[in-house]
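Undergrad: Please work out how this folds:
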Amino acid sequence: MTDLDQLHFFTTPAHQCSYLQDQSAVTLFLDPQFQADTDLYSQLSQVGFRRSGRYIYKPHCKTCRACVPVRIPVAGFKMRRTQRKIWKRNQDISIRWEAPYLSDDSWLLYARYINSRHRDGDMYPPDQSQFKSFLIEGRPEAQFIEFRLMDQLIAIMVADQLSDSLSAIYTFFDPDKLNRSLGVFAILALIESARQRNLEHVYLGYWIQNCQKMDYKADYRPIEGLIENRWQVLRQ
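TA: A predicted model of the protein is given here:
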């Protein structure tokens, strides 16, 4: 096991927070020149780090602790009533794991999703070079989880397989199929895959109380948050 104290990290200058209005943020990055293996990446996930493209990072704000790393303990997870309905509703969808790729289908699905759902976000307008750097040219643990209806690609979840867990990185889906709740279904499918592989957790990134973009993460129970360097079950 690598001694994390021996690693080199860098901090960004203060920048506009992506989640809290009128707040600034600072981000801590693992030295991007350092070749972290899967075990080390897994260790870093256990202490609150995430991945974006090839960068492994976590919030490092001096006065704000709003961003709480969260994960689902797979063995204890039970679907809620609404989640069971979504799971049953989508049993006609086929699921397949693939190495990350760029194709006409994956790009068009991503572009439609960004144009429809995130016109006010950092990824608008959609750009193929950004698609590659964010979702494809990241780490060897990354997988595209394809969701297809008949032969039509309707969703892709990007997830990393860690030593003992799965980490959800990003999901994009057909914006015309809102009745299927594909974002929820993708997380449920990831939890089920982790269960089948005897993995301990599914990481969902950061949760911020009272942030509408993050509210969905609290719907998966039980869910653990890393608070004061200790993983503990979050209670409503």
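Undergrad: Next up, phi/psi of residue 147, please.
TA: Dihedral pair for residue 147: phi -120, psi 120, per degrees, to the nearest 10.
Undergrad: Beta-bridge partners for it, please?
TA: Residue 147 forms beta bridges with residue 95, residue 155, as assigned by DSSP bridges.
Undergrad: Give me the number of neighbouring residues for it.
TA: Burial of residue 147 is recorded as 24 neighbouring residues (other C-beta atoms under 10 Å). Yep, even glycine has a C-beta here, placed from its N, CA and C like the rest.
Undergrad: Contacts only, for it.
TA: 93-95, 153-157, 173, 182, 185-186, 189 (C-beta atoms under 8 Å, 6 or more residues apart in numbering).
Undergrad: ok, now residue 177?
TA: Residues near residue 177 by C-beta under 8 Å, 6+ apart: residue 154.
Undergrad: coming back round to it: switch the contacts of residue 147 over to CSV; also include neighbour count.
TA: Putting the contacts of residue 147 into CSV (neighbours: other C-beta atoms under 10 Å) gives the following:
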residue, neighbour count
93, 19
94, 10
95, 17
153, 17
154, 18
155, 25
156, 27
157, 26
173, 25
182, 26
185, 23
186, 24
189, 20
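Undergrad: and the nearest residue to residue 49 once chain neighbours are set aside, what pLDDT?
TA: Leaving aside its sequence neighbours, residue 49 sits nearest to residue 58 (C-beta to C-beta, 6 or more residues apart in numbering; 4.7 Å). On pLDDT, residue 58 comes in at 97.
Undergrad: and residue 58, what element?
TA: Element membership for residue 58 (DSSP states H and E) is strand 55-59.
Undergrad: so what does whatever helix or strand comes next after that strand touch, helix or strand wise?
TA: Note on strand 55-59: by DSSP H and E, the next helix or strand toward the C-terminus is strand 68-73. Counting contacts by 3 or more C-beta pairs under 8 Å, 6 or more residues apart in numbering; DSSP states H and E, strand 68-73 packs against strand 201-207, strand 224-227.
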